[in-house]
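Here is the input, now give the coordinates:
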Amino acid sequence: MKYDKEASGIKIDAVITWVDGSDINWQEKINRYSDVKINFNDTKHKKRYNSIGEIDIAIKGILKYAPFIKNIYLVTDNQKPEAFDDLQSLAIANGVQLELVDHTVIFKDFEDCLPCFNSCSIGSMLFRIPNLSEHFIIFNDDTFLMRSATKTDFFINGQPIIRGQWEDFNENREFRKFYHSVLSLIGKPKDEKGISFKKFQQNSAKLAGTDNYLRRFHTPVCVRKSTLENFFKINKILKNNVKHRFRNENQFLISSLSEHLEIKNRTFHYKSNPQLTYFRSYKNLFVTRLKLKWFEIDNSKLFVTFQSLDMAEPKSLKYILNWIDHRIN
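Numbers count the residues shown, from 1 in each chain. Take a look at the predicted model:
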């Protein structure tokens, strides 16, 4: 890769949002505010809220494969991963500062919006982390960096790399409107978990004023803090987005808004290759092994996403965790 002198001099931080869904205090809190109470013993809800140490993997992957990261900020709701102290020591040994950032910090002056259980709202406040670098990367706690990366895998000449697929706006399709009307008539209102992720991205693109939208891959997002700060200085809409404790179909995604603002200003670099191996099903161990082997062979791939990994069959889960262990240790 061509040497990027400007990129070599920039400071880059990592930001991860995390919740421990097995925390009894947190479970009681969300049920105090939710109209529909959650049965945390139900398999469906275990799939959404349970954790099997993904945050440990995410942090270790960054420490091993992204040595240019200066600070890792872990954003939580008065929670702390069980292995945090060990992870913090490991980070220090690698010259990285790992810090917990509570929701009360990023929601300063917006305390009436807390507690918040909405990733759209929480994500909207990440750029307000104290001492956050101008250039930062938002990681999901189920997306892992599993191969050595450089700054230019995220920023080129100080401008963010954007990965995704260009699409037209289509959120007003008549079929979907009819479908949700029928659900409402039979007494089944739209579940906030079922709100289309595409809709959030389209809302963000329209807010930024682009002609179409980039449907983002499930990869880390590269952000410039000043892009968001400048936008919200002019557009006083942040409170309206973060006031929702649970997802609302009219919200925007801060990651998608950031990307579309860069697209509008032509201050970005586009990659059609997501450099990603993506898992949503673990029913076939042979397919799982094949996909992970292909990741090892394909040197262009950087990221592996394991959605709902705790729901994998025992044999698949054991194989995957062993594979991960060999990659990060």
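
for stretch 201-210, the distance to its chain's centre please.
For stretch 201-210, the separation from the chain centroid amounts to 18 Å (computed by Cα atoms, centre = their mean, to the nearest Å).

longest helix of the chain?
For the chain, the helix with the greatest residue count under DSSP state H is helix 314-328.

for that one, packing partners?
Helices and strands touching helix 314-328, by 3 or more Cβ pairs under 8 Å, 6 or more residues apart in numbering; DSSP states H and E, are helix 54-65, helix 285-297. The way it works is simple: take the backbone N, C-alpha and C, and place the C-beta from them, glycine included.

dump the residue contacts of Q165.
With contacts taken as Cβ atoms under 8 Å, 6 or more residues apart in numbering, Q165 has the following neighbours: L214, R215, F217, S272.

closest to I234 among the residues you listed?
If you rank the contacts of Q165 by distance to I234 using Cβ to Cβ, L214 comes first, at 22.4 Å.

so what's the backbone phi/psi at that closest one?
phi -100, psi 110 (degrees, to the nearest 10).

any idea of the pLDDT on it?
Among the per-residue scores, L214 holds a pLDDT of 90.

what about it, how many neighbours?
21 (other Cβ atoms under 10 Å).

Run through the bridge partners of it.
Note on L214: beta-bridge partners by DSSP bridges are W166.

okay, the spatially closest residue to L238 that is not a sequence neighbour: pLDDT?
Closest residue to L238 apart from its sequence neighbours, by Cβ to Cβ, 6 or more residues apart in numbering: F232 at 5.2 Å. At F232, the pLDDT value in this model is 97.

ok so, going back, tell me the angle of the longest helix of the chain relative to helix 285-297?
If you take axes from the mean of the first three to the mean of the last three Cα atoms, to 10 degrees, helix 314-328 sits at 10 degrees to helix 285-297.

got the buried residues for helix 314-328?
S316, L317, Y319, I320, L321, W323, I324, R327, I328 (16 or more other Cβ atoms under 10 Å).

could you redo those residues as TSV and give each row distance to N170?
Formatted as TSV, the buried residues of helix 314-328 follow (distance: Cβ to Cβ, whole Å):
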residue	distance to N170
S316	35
L317	37
Y319	39
I320	35
L321	39
W323	38
I324	37
R327	38
I328	40
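
In TSV, list the residues you listed along with pLDDT and distance to D298.
Formatted as TSV, those follow (pLDDT from 0 to 100; distance: Cβ to Cβ, whole Å):
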residue	pLDDT	distance to D298
S316	94	21
L317	94	23
Y319	96	19
I320	96	18
L321	95	21
W323	97	15
I324	97	17
R327	97	14
I328	96	19
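
quick check, nearest of the residues you listed to Q88?
Of all the buried residues of helix 314-328, the one with the least separation from Q88 (Cβ to Cβ) is I328, at 16.3 Å.

what about D20, how many neighbours?
D20 has 19 neighbours, counted by other Cβ under 10 Å.

again, but for C113
Neighbour count of C113, defined by other Cβ under 10 Å: 20.

check contacts around it.
Contact partners of C113, counting by Cβ under 8 Å, 6+ apart, are F107, S121, K239, V242, K243, R245.

if you set the cut-off to 6 Å instead, what comes out?
In this structure, C113 makes contact with F107, V242, K243, judged by Cβ atoms under 6 Å, 6 or more residues apart in numbering.

likewise N31?
K37, I38.

The helix or strand it falls within: which residues count as buried?
Using DSSP states H and E, the element containing N31 is helix 24-33. Buried residues in helix 24-33, defined by neighbour count with 16+ other Cβ under 10 Å: W26, Q27, I30.

And for the second one, nearest residue in space, chain neighbours not counted?
Spelled out, that is Q27. Nearest to Q27 is F40, by Cβ to Cβ, 6+ apart, at 5.3 Å.

Please apply the same query to the last one.
Across the structure, with Cβ to Cβ, 6+ apart as the measure, the residue nearest I30 apart from its sequence neighbours is F117 (5.2 Å).

Just give the number of residues close to the one you found.
By other Cβ under 10 Å, 18 other residues sit near F117.

Hmm, it is touching R32, no?
No: using Cβ atoms under 6 Å, F117 makes no contact with R32, being 10.5 Å away.

got the contact list for I59?
Applying Cβ under 6 Å, 6+ apart to I59 gives the contacts L87.

Can you read off the pLDDT for K188?
pLDDT, read off for K188, is 49.

ok, and what's touching stretch 64-71?
For stretch 64-71, the surrounding residues in contact (Cβ under 6 Å, 6+ apart) are K11, I12, D13, A14, I62, Q97, L145, S148, A149, K151, I328.

Please point out which parts of it sit buried.
Neighbour-count burial for stretch 64-71, with 16+ other Cβ under 10 Å as criterion, is recorded at K64, Y65, A66, F68, I69, N71.
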